[in-house]
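Peer 1: Have a look at this prediction, sequence included:
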Amino acid sequence: MSSVIVASDSADLVRRVRLATTDEVLVISPEHLPPSPSEVLLVAHDHGEVRALVVDPPEGRLGEVLRLATAFFQAHPAVSVLLVTQHKEDLALPALRAGVRDLVYHDASVGDLRWALEKARRGEDLRLGRGALEGSTVPGRVITVSGAKGGVGKTALAVNLALALTTAAPHGTALLDLDVQFGDVRAALSIEPSTTLVDAARRGPGEERTSLRSLLVRHTSGLQVLAGALSPVDGDEVGAEATGQVLQDLRSEFQYVVVDTAAGLTEHTLAALEHTTDLVLVTTADVPSVRALHRQLEAFNAMPAPRPASHLVVNLLRSSSTVSVKDVERAVGRRADVVLPRASRAAAASPVGVPLIRPGDRDKLTRSVMSLMSRVTPAPAGKARR
């Protein structure tokens with residue numbers, strides 16, 4: 001038997017936590033939260049092992065709660081501390097450094113709370129060498145969207161694919177902007193993050209196991225976003241090794257991780273390919289882009305096995321070229337898996353990738369993005385992917 005301690009005066013929050021876990025939920029007033037881990041754990045005497053402490057701190061007590069989280073991290077690392085807040089962006093770094101496992105919103109759904117508790121529990125099990133949580137399945141698919149040249153619609157596709165995957169996995173989809181110096185994901189989704197990939201790369205050895213969720217920004221769709229650097233100078237801090245660590249951690253936290261990359265094969269893209277399960281290659285139907293794609297495919301085919309599954313997308317959204325899809329296929333020696341059709345609605349959208357699909361749309365563009373989504377998600381048992 002195990003238990004979760006909730007320090008909150010909110011009956012509704014306690015109710016949602018009870019619905020989110022099969023562990024016994026023990027409730028204490030945050031005003032009477034003891035200052036030391038040993039005193040907190042006395043609350044669960046005769047109620048089994050404590051797996052998590054969920055704290056909804058009263059006004060003016062945040063510093064005490066962070067000190068308590070540090071004490072738990074040092075003396076009782078098997079207990080995950082989750083902090084309830086409405087200011088995730090402001091608290092992300094101090095909470096992360098204090099040893100808080102995750103930040104959850106006051107109005108978090110039962111599904112969000114269940115995900116946070118399960119990931120906290122699984123993360124501590126792995127960190128302490130106890131193996132994966134029994135019954136927990138975390139596919140951790142990494143879908144890297146790459147283009148040999150700039151301007152082929154790579155960011156637009158990555159954003160819209162991530163939004164489509166969010167409809168299938170509302171609490172388990174993340175988007176990483178790996179164009180670390182000049183990424184457009186922030187503009188595409190109209191978000192203003194206070195933490196970015198740079199902060200994730202700066203984590204010290206003691207922080208590497210701490211949840212990345214506190215550094216991500218939640219889009220209104222539910223998509224979690226880790227943006228690129230706010231300036232090119234900051235982007236210089238993100239190396240290939242840090243990129244690999246971030247992706248490894250994201251993969252352990254999310255069911256689907258979509259990666260938007262810079263044009264060509266940068267050191268960051270090469271690092272991402274080591275963790276990639278699906279590589280989406282994007283080109284427009286013009287001679288320079290197709291030639292660049294051909295060279296990119298040659299480099300991809302020269303990679304040591306096992307290589308990720310690859311999916312070729314021909315983007316005709318703004319194309320005025322006379323080069324046809326069949327011409328592209330002949331030039332690169334393989335069939336296109338998905339074609340993004342010419343669309344007047346898309347032509348009016350921002351070049352940096354304003355979301356082009358909307359739930360319930362049945363137009364050709366939406367169907368094309370959903371077709372790509374079906375290729376990068378596991379087929380149901382007993383059904384083969386056509």
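Peer 2: Perfect, I can see it now.

Peer 1: first to last residue in stretch 55-64, what's the distance?
Peer 2: End-to-end distance for stretch 55-64: 11 Å, by Cα to Cα, to the nearest Å.

Peer 1: least trustworthy helix or strand in the protein by mean pLDDT?
Peer 2: Using mean pLDDT, DSSP states H and E, the weakest-scoring helix or strand in the chain turns out to be helix 344-347, at a mean of 48.

Peer 1: Tell me how many other residues surround V104.
Peer 2: 24 (other Cβ atoms under 10 Å). For the C-beta atoms, the positions are set from N, CA and C on the backbone; glycine is no exception.

Peer 1: Could you pull up the residues touching it?
Peer 2: Residues near V104 by Cβ atoms under 8 Å, 6 or more residues apart in numbering: V54, L82, L83, V84, T85, D112, L113, A116.

Peer 1: sorry, back to before: please pull up the helix or strand immediately following the least confident helix or strand of the chain.
Peer 2: For helix 344-347, the following helix or strand on the C-terminal side (DSSP states H and E) is helix 364-376.

Peer 1: residues of that following helix that come out buried?
Peer 2: Residues of helix 364-376 classed as buried by neighbour count (16 or more other Cβ atoms under 10 Å): L365, T366, S368, V369, M370, L372, M373, R375, V376.

Peer 1: Let me know whether the fifth one touches L161 as I believe.
Peer 2: It refers to M370. No - using Cβ atoms under 8 Å as the test, M370 is too far from L161 to be in contact (9.5 Å).

Peer 1: quick one on the thing from earlier: may I see the buried residues of helix 364-376 organised as JSON lines, with pLDDT and distance to P341 added?
Peer 2: Listed next are the buried residues of helix 364-376 as JSON lines, based on pLDDT from 0 to 100; distance: Cβ to Cβ, whole Å:
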{"residue": "L365", "pLDDT": "81", "distance to P341": "6"}
{"residue": "T366", "pLDDT": "82", "distance to P341": "10"}
{"residue": "S368", "pLDDT": "88", "distance to P341": "7"}
{"residue": "V369", "pLDDT": "88", "distance to P341": "11"}
{"residue": "M370", "pLDDT": "87", "distance to P341": "13"}
{"residue": "L372", "pLDDT": "90", "distance to P341": "13"}
{"residue": "M373", "pLDDT": "90", "distance to P341": "16"}
{"residue": "R375", "pLDDT": "88", "distance to P341": "17"}
{"residue": "V376", "pLDDT": "87", "distance to P341": "20"}
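
Peer 1: where in the stretch 1-150 of the chain is pLDDT low?
Peer 2: Within the stretch 1-150 of the chain, the segments meeting pLDDT under 70 span 1, 88-90, 92-93, 122-139.

Peer 1: let's go with 90 and repeat that
Peer 2: Residue ranges of the stretch 1-150 of the chain with pLDDT under 90: 1-2, 43-49, 58-61, 73-78, 85-141, 148-150.

Peer 1: Helices of that one, residue ranges please.
Peer 2: Taking DSSP state H, counting those that start in this stretch, the helices of the stretch 1-150 of the chain run over residues 11-20, 37-41, 62-75, 88-98, 110-127.

Peer 1: Nearest approach to R213 belongs to which of the ones you listed?
Peer 2: With Cβ to Cβ, the closest approach to R213 among these belongs to helix 110-127: 7.4 Å.

Peer 1: how about the strands in the chain?
Peer 2: 2-7, 24-28, 49-55, 80-85, 102-105, 141-147, 173-177, 217-218, 224-226, 256-260, 278-284, 309-315, 338-340 (DSSP state E).

Peer 1: Pipe these into a markdown table and attach distance to T167 per row.
Peer 2: What follows is the strands of the chain, written out as a markdown table (distance: least, Cβ to Cβ, whole Å):
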| stretch | distance to T167 |
| --- | --- |
| strand 2-7 | 30 |
| strand 24-28 | 30 |
| strand 49-55 | 28 |
| strand 80-85 | 26 |
| strand 102-105 | 20 |
| strand 141-147 | 15 |
| strand 173-177 | 9 |
| strand 217-218 | 15 |
| strand 224-226 | 14 |
| strand 256-260 | 11 |
| strand 278-284 | 18 |
| strand 309-315 | 19 |
| strand 338-340 | 18 |
